[in-house]
Structure formats: C-alpha cells, structure tokens
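**Student:** structure, please.
(one chain, ligands or ions: 1)
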Amino acid sequence: MKREYIGVFDSGIGGLTAVKHLIEELPNENVVFLADTLNMPYGSKSKEQIIECSLNDFDILNRYDLKALLIACNTADSAARKTLQKQTSVPVLGVIEAAAREACRETKNRKIGVLATPATVRSGKYEKAVHAIDTDIEVYSIACPELAPMIESGRTADDPEMAEILKAYLKQLKDRQIDTVILGCTHYDVLQKKVKDLLPDIHVISSSACAIGDLKELLMKRDLLNKDCEPERIYLVTADPERFKKTASAILKNIEIDKA
Ligand code: DGL
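**Tutor:** Got it, this is the predicted structure:
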C-alpha cells in the first residue's frame with residue numbers, strides 16, 4: 001500500500017512536542033520528522049537564513065510522499081511559511097495562527113503574553129495574527145534568546161539557571177497583567193508545567209498542541225485521514241543523532257533517530 005506521510009520539522013527537539021500531540025490525536029498517521037540540529041538555533045538567525053534552512057528542511061522531507069507539512073517551529077513559521085507553501089501543492093500548516101486563535105478565545109482581560117525566540121518576536125507575526133482577530137487585544141512579546149538552546153542541550157525546567165531566567169521573563173508578563181501566555185516556541189513546551197506552577201492564575205497555551213488541532217481538522221475536512229495501516233514513524237536529524245536521541249527521550253521514548 002502506498003504510504004503518505006505528514007512531514008514535520010523544527011530546528012530541534014521542540015518539534016517533537018508537536019509529534020507527541022500528533023501521535024496522541026492522530027494515531028494512524030505516518031509521520032516523518034526532521035530536526036535541523038546542524039543549524040539550531042533558528043531564533044538567532046536572520047529571516048533570510050531561516051528561509052534557507054527551512055527550504056533545505058522541506059527538500060529533505062519532500063523525498064517522502066507528503067500529504068501535509070507541519071512547520072513545528074514558530075521561528076520558521078514566522079519567516080518561511082509563505083515561501084514553503086510556494087514549493088508544494090500539499091497544505092503547509094504553521095503553529096502561530098493556531099496558538100493566536102486559541103489565546104484570543106481564552107483571554108478575558110484582552111492582554112496576551114508571548115514568549116518566543118528573538119526572530120519570532122522581531123517578525124511581529126503573533127501581533128499580526130492576534131490583531132487579525134481582534135485589534136483591541138494587547139500583545140506583549142518577550143524574546144527569550146537563552147531558552148531554546150538550553151532546552152536543546154538537555155537542561156530541564158528544574159535546572160536552577162534556566163528557572164531563574166524563566167522567572168524573570170514571567171515577572172515581566174505578570175507586571176503587564178496578562179491573563180494568557182502563549183509558549184511561542186515549541187521547545188518551551190518542556191517548561192509548560194513550570195510556567196503553570198509559577199503563574200497558576202494564567203492560562204498557558206502550547207503552540208504545538210494548537211497546531212495539531214488545526215492539522216486534525218484539515219485532514220478530516222479533506223478526507224485525508226489514514227484509516228487502515230500500521231503507522232510508520234521516521235525521525236531524522238541533520239547532525240548528531242546520538243546526542244539528539246538522549247535529549248529527545250525527555251519527550252518521546254524509544255525512538256530510532258537517523259541522519260538525514
Ligand atoms: N522550536 C523553535 C520555535 O518554535 C525554535 C528554536 C530555535 O531557536 O531554533 O521557535
């Protein structure tokens with residue numbers, strides 16, 4: 001039987017948080033995941049560099065018969081989604097619009113915070129996505145250059161240095177009296193519990209989880225769901241599979257990682 005895959009990419013382990021939700025929500029789907037570990041972090045790159053990396057990611061994933069492509073990286077979504085959609089006739093989904101929509105639904109006081117990489121914050125894409133829904137909602141975006149590289153290197157929410165950095169960012173959001181925060185980098189999902197503990201009254205939104213909601217809806221609408229096959233899952237990296245396997249195990253256990 002011909003296999004069709006959902007292609008998913010990120011610069012690193014953040015994208016696996018989306019794959020985890022994907023497997024839970026759409027257990028029959030074939031998935032090919034790529035982490036561009038060679039070029040991680042994307043968040044400190046220029047828009048042109050991020051587009052170049054994303055095109056390369058697409059070329060690797062496009063060796064498989066794709067039925068949809070999920071950019072499980074806010075940074076790549078903010079810089080390269082349009083460019084990627086021009087490369088292919090399969091639907092290309094991002095994470096930003098889905099998370100912005102959910103945040104607009106959840107906020108009561110119309111103040112949303114966004115934690116994201118410097119490139120995502122610079123792009124202004126979260127502000128744009130929220131204001132396309134409601135121009136009266138205030139958006140406070142904070143660039144967090146340290147977090148994704150620290151998470152990629154295997155440091156957890158209990159790491160004292162990372163906890164201190166996170167606390168300082170969350171204090172800034174608290175001071176702005178936001179009632180909803182978007183984890184606008186898929187890597188930050190591993191901090192979700194810590195953020196909830198530190199901000200118990202604030203609604204915490206995962207861009208990874210929101211994107212899978214959109215993907216499910218799209219596959220259902222287009223009658224593209226995989227009904228009757230043993231799903232295949234392929235995990236690729238552009239560098240250092242052994243190191244990746246170790247850090248990835250905090251999100252998905254017992255996966256085989258191959259070099260792309
Ligand atoms: N996980 C990526 C995101 O959602 C970015 C990490 C990086 O800086 O490479 O933005």
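
**Student:** ranges for the strands of the stretch 101-250 of the chain?
**Tutor:** Assigned strands in the stretch 101-250 of the chain, in chain order: 111-116, 138-143, 180-183, 203-206, 233-237 (criterion: DSSP state E, counting those that start in this stretch).

**Student:** please tabulate those in TSV, including the columns mean pLDDT.
**Tutor:** Compiled in TSV, these are given as follows (pLDDT from 0 to 100):
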stretch	mean pLDDT
strand 111-116	98
strand 138-143	98
strand 180-183	98
strand 203-206	98
strand 233-237	98
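
**Student:** adding distance to L38 and mean neighbour count, write those out as TSV.
**Tutor:** For the C-beta atoms, the positions are set from N, CA and C on the backbone; glycine is no exception. Supplementary listing: those in TSV, determined by distance: least, C-beta to C-beta, whole Å; neighbours: other C-beta atoms under 10 Å:
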stretch	distance to L38	mean neighbour count
strand 111-116	22	27
strand 138-143	23	19
strand 180-183	25	28
strand 203-206	26	22
strand 233-237	8	21
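
**Student:** dump these into CSV; add distance to D59 as well.
**Tutor:** Putting these into CSV (distance: least, C-beta to C-beta, whole Å) gives the following:
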stretch, distance to D59
strand 111-116, 26
strand 138-143, 29
strand 180-183, 29
strand 203-206, 28
strand 233-237, 12
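
**Student:** nearest to the ligand, of those strands?
**Tutor:** Of all those, the one in closest proximity to the ligand, counting by C-beta to the nearest ligand atom, is strand 111-116 (6.4 Å).

**Student:** relative orientation of that closest one and strand 138-143 in degrees?
**Tutor:** For strand 111-116 against strand 138-143, the angle by axes from the mean of the first three to the mean of the last three C-alpha atoms, to 10 degrees is 20 degrees.

**Student:** circling back: closest one to K171 among the strands of the stretch 101-250 of the chain?
**Tutor:** Proximity to K171 (C-beta to C-beta) singles out strand 138-143 among the strands of the stretch 101-250 of the chain, at 10.4 Å.

**Student:** contacts for the closest one?
**Tutor:** 110-118, 120-122, 126-127, 130-131, 169, 172-173, 176, 178, 184 (C-beta atoms under 8 Å, 6 or more residues apart in numbering).
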